[in-house]
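1. Using only what follows, build the 3D model:
(one chain, ligands or ions: 2)
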Amino acid sequence: MTINVGVLGARGRMGATVVNAVEGASDLKLVAALDAGDDFAALADAQVVVDFTHPDAVMGNLEYLVEHDIHAVVGTTGFSDSRLADLRALLEPKPSLGVLIAPNFALGAVLAMRFAAQAAKFYASAEIIELHHNRKADAPSGTAAHTARMIAAARAEAGVAPGPDATTSELDGARGATVEEVRVHSVRLPGLVAHEEILFGGEGETLTIRHDSLDRTSFMPGVLLGVREVLKRPGLTVGLENVLDL
Ligand SMILES: NC(=O)C1=CN([C@@H]2O[C@H](COP(=O)(O)OP(=O)(O)OC[C@H]3O[C@@H](n4cnc5c(N)ncnc54)[C@H](O)[C@@H]3O)[C@@H](O)[C@H]2O)C=CC1
Ligand SMILES: O=C(O)C1=N[C@H](C(=O)O)C[C@H](O)C1
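-> Ligands and ions are numbered 1, 2, ... in the order given. The predicted structure follows:
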């Protein structure tokens, strides 16, 4: 069966890569490639729409897609708990519709987050450094925020409190942002794509988990898997780890 796919953000860095990937997949048909200002009526034939747009635009796009019974695969960042709650409420009257949101579609990034969650109960002290290209709008990255939440959840489940930190005097930002008691440091440089290091410290040792996306094609197997899977998964799924059954 061929799946009709639409892309939102099609003229952006990720959207353009998704357009190429969909066009190269024999079981998918690109029916619309839209960007800001285009008429969404062109999505009428799409069964699944992939959204790589902007945190300020994605909720409005999802409202349109749900209202028009179109499944969605979302890579756009900016999903807080309250946004996810709003989305669940939006989906309630449409029980057969699927929305998959993944802060990172690269297999290695998903594995790195899972390994970090496994390590978290053994190390009370953890910090994250995420490094991206300097055209990225949001900081910290969606991946780093998701990783921090996974570490916090693993700590809570194991009854491990965050480790000691003697910092009493600091320049604003010197110790990074705090996401659920995990420090997150954001680096922005031309030349980078998407990189994350999760550092754990214990008695006499450290553990570093690092993932590098060197090219945006790294996200494509995950995006295409999401397009195929979302049709079989009604409701809201957050994280590619659920689709990969890790
Ligand atoms: N989940 C993942 O694996 C990944 C997620 N991202 C995220 O994807 C998003 C986009 O990233 P990039 O492609 O680098 O950004 P970009 O700025 O290159 O592209 C975004 C595109 O969306 C368009 N756009 C904005 N509002 C729109 C709307 N309402 N409807 C349709 N198009 C709209 C813009 O005109 C632009 O062409 C960001 O939130 C980024 O963090 C990026 C890489 C991987
Ligand atoms: O903007 C990007 O480029 C990326 N955004 C996502 C994020 O914020 O985590 C995924 C990946 O890191 C690339």
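2. which ones are touching Thr208?
-> Thr208 makes contact with Glu197, Ile198, Leu199, Phe200 under the criterion C-beta atoms under 8 Å, 6 or more residues apart in numbering. Using the backbone N, CA and C atoms, a C-beta is placed for each residue, glycine as well.
3. starting at the chain centroid, how far to the top helix by length along the chain?
-> Ranked by number of residues, the top helix in the chain under DSSP state H is helix 142-158. The chain centroid and the centroid of helix 142-158 are separated by 14 Å, computed with C-alpha atoms, centre = their mean, to the nearest Å.
4. Check which helices and strands that helix sits against.
-> helix 107-120, strand 125-132, strand 177-179, strand 182-188, strand 194-202 (3 or more C-beta pairs under 8 Å, 6 or more residues apart in numbering; DSSP states H and E).
5. mind checking which of the ones you listed is nearest Thr237?
-> For the helices and strands packed on helix 142-158, the distance to Thr237 is smallest for helix 107-120, at 13.0 Å, taking C-beta to C-beta.
6. how far off strand 125-132 does the closest one point, in degrees?
-> Relative orientation of helix 107-120 and strand 125-132, computed by axes from the mean of the first three to the mean of the last three C-alpha atoms, to 10 degrees: 170 degrees.
7. Who's the closest spatial neighbour of Ala21, skipping the chain neighbours?
-> Leaving aside its chain neighbours, Ala21 sits nearest to Met220 (4.2 Å; criterion: C-beta to C-beta, 6 or more residues apart in numbering).
8. what's the burial count for the one you found?
-> Residues contacting Met220 under the criterion other C-beta atoms under 10 Å number 20.
9. Tell me which of the helices and strands packed on helix 142-158 sits nearest to ligand 2.
-> strand 194-202 (3.5 Å; C-beta to the nearest ligand atom).
10. That closest one pairs with which strands, and in what direction?
-> Sheet partners assigned to strand 194-202 using DSSP bridges are listed as strand 125-132 (antiparallel), strand 205-213 (antiparallel).
11. centre of the chain versus the shortest one, how much separation?
-> Taking the mean of its C-alpha atoms, strand 125-132 sits 16 Å from the chain's own mean (C-alpha atoms, centre = their mean).
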